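> No sequence on hand, only this structure:
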């Protein structure tokens, strides 16, 4: 295809990896919601209270009697947004201390222990008091519902502001800066003797895990009904060291997250799956059946009863360390340690590229790969390519493996592998995300070699894309399309992976057969940049020679798209997330001997003939009269030769056949 900078968070064939969300940025924002407003506490007087701090020592709120203003922030040790804002609140505490402002944090989650709270304080280097609200009495006193949620008390200890710290984060979206720093504005106005101009905002974050009285008579319990669902759908990610922001491995972990679970399941934000069920069957379908959803809703409504532990299913067994079929045959690591700064500004750390010699003296077949970040807290994603000797430049890079949000490793079909030419170098493309403190990283890749005698098919990652587009300002539904060249040979389709950036709204793949028949292979009506999913077909299928794949992307560059970096900009192709890409990746498999004869990738972006055909078909009758082709002189002048049926209408299949004939 073109010289494509294979950007950011791809998902592909033999990337056998276990992604972990890098603390501060993306996927888990899907767990936060601003849809539920908390109780309005403006004007409420807060009486003094006492709570144990993170070390178990009693702390009295009266210790702050000399403070002009007090910020009470409700936090949670596992809430992703609370982790992000804990340090930001410390900066506010430091900045406003001389002006008589004190900051106190309260953890009211039933699932957070004092030990976990103490670790949270150490990790984030917090100096303000962090208190444990064991029975959520203080949360009830304030009417707090989420973490993080802040309340500003005046000298009379009446609530004058409640809500968010700022507006940088919205559901599923990380913006590069806040447009309104609500807490700072409220403090400045109160210190100036003014009323707060916007005294209440909606808090975005995780629901506080309150202590609830469970219904003993409930016919739905955790042990019998909910644990099996979580093991099948959730625990793989929501366990120690994995992508989920909190654990769901046992009752104590789960009970405090019940209401949060019900919310994200009801709003179809979890489990993450964005393909329409109307088209295609996929081996890695994560969607949750309606019956399981209803069980979760009933269980939460009943107060999350535990039930009889004897009903618990056997816990799943997960492989520790490398997730390959066996220990890697070879491990390749970055040859230098990279230092990630504490903060890199709103544009972030530039992409880093590290070259690692393969040492391969002959062409080598690789059937499994896994990328392991050295420091998962700062590695946003990694892509590893192989660059053949003497073929410098991205157009020659062979996609090999990745570490990406939302990706679960899937094995390649039996007898297939990827080929790395002798003398190749591996290129580690690294995207780092600062987390507020200096960090270092050395990422590595493990590979399992294949026996060439047992390999009869080569897997190749190809792409259909469009680099030449301009998305107008404030356009909420801008369509960009691309069509592949007609296939020279039959190939076997394994999977599809759409890729856009923050303005991506929808994406679809349509197969057009040589006779012009169309079939939707994949429809993603609500594309989500945070979950770059590889959609693996339940049954690989043959695409016959002469077929094309037509990809259609819809972009939302309006202000209604809360992820939009700037709706006033005209957006073009670019590497960074505030720019855009339109790429439809496909993993295809073909006999390795055929590939050697072809001497090139089996699929390339070609003339966007499908979009041209549809645009010219003014009467939408599925055929082009000669006059309808007038805007395309090559077709117009060759009309009679292309019209092999002689019906004076050009069918899409006839045009595809003519293109294939011209190519041959």
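Thanks, I have it. Predicted, not measured: the structure shown is a model, and the values here were computed from it.
> Tell me if I'm right that residue 422 and residue 365 touch.
No - applying C-beta atoms under 8 Å as the test, residue 422 and residue 365 come out as separate, 11.8 Å apart. All C-beta spots, glycine's among them, are computed from the backbone N, C-alpha and C.
> Which residue ranges of the stretch 151-300 of the chain form strands?
159-163, 169-170, 173-174, 206-207 (DSSP state E, counting those that start in this stretch).
> Which of these sits closest to residue 602?
Residue 602 lies closest to strand 173-174 among the strands of the stretch 151-300 of the chain, at 36.4 Å (C-beta to C-beta).
> State the mean pLDDT of the closest one.
The pLDDT scores in strand 173-174 average 62.
> For the stretch 201-350 of the chain, just list every one of the helices.
Assigned by DSSP state H, counting those that start in this stretch, the helices in the stretch 201-350 of the chain fall at 227-233, 251-255, 258-266, 290-301.
> Identify the residues contacting the shortest one?
When you say that, I think you mean helix 251-255. With C-beta atoms under 8 Å, 6 or more residues apart in numbering as the contact definition, helix 251-255 has outside contacts at 110-111, 209, 222-223, 226-227, 230, 246-248, 261, 304, 306, 309.
> for those, which one is nearest residue 293?
residue 261 (10.3 Å).
> So for the residue nearest to residue 328 when sequence neighbours are not counted, what's the pLDDT?
Among residues not flanking residue 328 along the chain, residue 446 sits closest, at 3.1 Å (C-beta to C-beta, 6 or more residues apart in numbering). On the pLDDT scale, residue 446 is placed at 96.
> between residue 422 and residue 365, which one's more packed in?
Counted by other C-beta atoms under 10 Å, residue 422 and residue 365 do not tie: residue 365 has more neighbours, with 18 against 13.
> and that one, backbone torsions?
phi -100, psi 130 (degrees, to the nearest 10).
> For it, give me its contacts.
Contacts of residue 365 (C-beta under 8 Å, 6+ apart): 417, 418, 419, 420, 449, 450, 451, 452, 455.
> Output these as JSON lines; include the columns secondary structure, pLDDT and neighbour count.
Below are those laid out as JSON lines (DSSP: H, G, I helix; E, B strand; the rest coil; pLDDT from 0 to 100; neighbours: other C-beta atoms under 10 Å):
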{"residue": "417", "secondary structure": "strand", "pLDDT": "95", "neighbour count": "27"}
{"residue": "418", "secondary structure": "strand", "pLDDT": "94", "neighbour count": "27"}
{"residue": "419", "secondary structure": "strand", "pLDDT": "94", "neighbour count": "20"}
{"residue": "420", "secondary structure": "strand", "pLDDT": "95", "neighbour count": "22"}
{"residue": "449", "secondary structure": "strand", "pLDDT": "96", "neighbour count": "16"}
{"residue": "450", "secondary structure": "coil", "pLDDT": "95", "neighbour count": "20"}
{"residue": "451", "secondary structure": "coil", "pLDDT": "95", "neighbour count": "9"}
{"residue": "452", "secondary structure": "helix", "pLDDT": "93", "neighbour count": "14"}
{"residue": "455", "secondary structure": "coil", "pLDDT": "94", "neighbour count": "19"}
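> Between these, which sits nearest residue 566?
Using C-beta to C-beta, those come closest to residue 566 at residue 418, 38.8 Å.
> Do I have it right that the closest one meets residue 385?
No - between residue 418 and residue 385 there is no contact under C-beta under 8 Å: 11.1 Å.
> Which residues are in contact with each of those two?
Joint contacts of residue 418 and residue 385 (C-beta under 8 Å, 6+ apart) are 398, 400.
> same for the host helix or strand of the residue nearest to residue 328, what does it pack against?
Using DSSP states H and E, residue 446 falls within strand 444-449. Applying 3 or more C-beta pairs under 8 Å, 6 or more residues apart in numbering; DSSP states H and E, one finds that strand 444-449 contacts strand 330-333, strand 364-372.
> any idea of the angle the last one forms with strand 444-449?
With axes from the mean of the first three to the mean of the last three C-alpha atoms, to 10 degrees defining the directions, strand 364-372 sits at 150 degrees from strand 444-449.
> which is the next helix or strand following strand 364-372?
Next along the chain after strand 364-372, taking DSSP H and E as the criterion, comes strand 379-387.
> Taking their axis directions, that following strand and strand 364-372 sit at what angle?
Using the same axes, to 10 degrees: strand 379-387 against strand 364-372 is 170 degrees.
> Flag every buried residue along strand 379-387.
Across strand 379-387, burial judged by 16 or more other C-beta atoms under 10 Å covers 379, 380, 381, 382, 383, 384, 385, 386, 387.
> So in that sheet, which strands flank it, and in what orientation?
strand 398-403 (antiparallel), strand 425-432 (antiparallel) (DSSP bridges).
> Need the mean per-residue confidence for the shortest one.
Think strand 398-403. For strand 398-403, mean pLDDT rounds to 87.
> again with the longest one
Per-residue pLDDT over strand 425-432 has a mean of 93.
> after that strand, next one along is what?
Using DSSP H and E, the next helix or strand after strand 425-432 towards the C-terminus is strand 439-441.
> Mind giving me the packing neighbours of that next one?
Taking 3+ C-beta pairs under 8 Å, 6+ apart as the contact cut, strand 439-441 packs with strand 338-340.
> What are the buried residues along the strand it packs on?
In strand 338-340, counting by 16+ other C-beta under 10 Å, buried: 338, 340.
> what's the helix or strand just after that strand in contact with?
Per DSSP H and E, the first helix or strand lying C-terminal to strand 338-340 is strand 352-357. Contacts with strand 352-357, where a contact means C-beta under 8 Å, 6+ apart, come from 332-336, 338, 425-432.
> after the lowest-mean-pLDDT helix or strand in the chain, next one along is what?
The helix or strand of the chain with the poorest confidence is helix 592-598; it has a mean of 56 (mean pLDDT, DSSP states H and E). Downstream of helix 592-598, the first helix or strand assigned by DSSP H and E is helix 609-616.
> Next secondary structure element downstream of that following helix?
Remark: after helix 609-616, the chain's next helix or strand is helix 633-637, criterion DSSP H and E.
> Show the subsequent helix or strand relative to that next one.
helix 639-642.
> helix/strand/coil for residue 117?
Classification of residue 117 using DSSP: H, G, I helix; E, B strand; the rest coil returns helix.
> Just give the number of residues close to the closest residue to it other than its chain neighbours.
Spatial nearest neighbour of residue 117, chain neighbours left out: residue 54 (4.5 Å); criterion: C-beta to C-beta, 6+ apart. By other C-beta under 10 Å, 23 other residues sit near residue 54.
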